[in-house]
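In: Prediction below, plus the sequence it came from.
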Amino acid sequence: MDKLLNLIFTQKCMFCKSGKSLFCEQCLCTCPVPENNNYGLYIRSLKRKVNAFSTYDYDGSVRVCIKESKYGPKQFAALKILAYKGAVNLQTNHKFYEHFTAVPVPLNKRKFRSRGFNQAEIIAKIVASKCGIPHNPELLKRSKETDVQYKHGRLARYENVSGAFAAEPAQIKGMRILLVDDICTSGATFTEAAKTLYEAGADSVRCYSLSRRV
Ligand SMILES: [Zn+2]
C-alpha cells in the first residue's frame, strides 16, 4: 500500500501535469457528470425495473482514465482515485445500501486474460469499503464467452449478452446485490446480470457504474 500511496502522491497529474497527485483534485472536479445520474433499466422478461446510478459521463478524462487503466501501474492508480471519488458520490446520493453486497460484473475469460484484471472488481472493492458493505466477486460468473459489446448496435447488444451469466440460487437467495461495472452503455449487460440474479432468487438488485456512455 505504501508503494501505491507513494505512486499516487509523488507523481504528476496524468492530465494537467501538476505535481499534486496522479489524478489531481482540480482535474477530478472537471470530470463530466451526467445530467441525470439516476436512471432505470427494465428487465423485459421479468417485467421488473432496476435502479441504476452512474457517477460520470464516459467522456474526457474519465474516458482516458478508464481506457488507459490497463496499460500500467500509474494509470491503474489513477483509476483507483477516480473510483474512490465515484464511491463518495454514490454514498452521498444513496444512503440505503446497508444490507447490500457489492458484486462486480465479471469479464469474459478472453478479456480477463488479455487485461489481467477486471476494472469492475477494483471499483466494486472501493465502493464496498466506502459504503461499509461486503464485496463478493464470486457470486456472479460468466457462463459463456460473448463478443465485445462495442461491436454491436443497441439491440444486438441484448442478444449478444443473453445467457452470459450464471449464479447459484443457494448463494443468491434473499440477497440484496449492488452490481458494479466501469461503464454502462446500453444497459444490456446490467439488465442481463440483474435478470440472472433475480432468477437465482435475489431479493433486490441495483446497479452502479463509474461512468455512463449515452
Ligand atoms: Zn490535474
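Out: Nice, thanks for sending it over.
In: Can you tell me which residues in the protein are near the ion?
Out: 13, 15, 16, 24, 27 (Cβ under 5 Å from the ion). In short, each C-beta sits where N, CA and C put it, glycine included.
In: which of those residues sit farthest apart?
Out: Across the residues of the chain next to the ion, the longest distance by Cβ to Cβ is 7.5 Å; it joins 15 and 24.
In: Could you list which residues are in contact with residue 183?
Out: In this structure, residue 183 makes contact with 58, 66, 209, 210, 211, 212, 213, judged by Cβ atoms under 8 Å, 6 or more residues apart in numbering.
In: Now stretch 57-71: buried residues?
Out: 57, 58, 59, 61, 62, 63, 65, 66, 69 (16 or more other Cβ atoms under 10 Å).
In: likewise stretch 16-25?
Out: Neighbour-count burial for stretch 16-25, counted by 16+ other Cβ under 10 Å, picks out 21, 22, 23, 24.
In: what would these look like in JSON lines with distance to residue 181, secondary structure and pLDDT?
Out: Shown next, in JSON lines, are the buried residues of stretch 16-25 (distance: Cβ to Cβ, whole Å; DSSP: H, G, I helix; E, B strand; the rest coil; pLDDT from 0 to 100):
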{"residue": "21", "distance to residue 181": "25", "secondary structure": "coil", "pLDDT": "88"}
{"residue": "22", "distance to residue 181": "23", "secondary structure": "coil", "pLDDT": "90"}
{"residue": "23", "distance to residue 181": "20", "secondary structure": "coil", "pLDDT": "94"}
{"residue": "24", "distance to residue 181": "25", "secondary structure": "coil", "pLDDT": "93"}
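In: Can you list the low-confidence ranges for this structure?
Out: 1-10, 95, 147-150 (pLDDT under 70).
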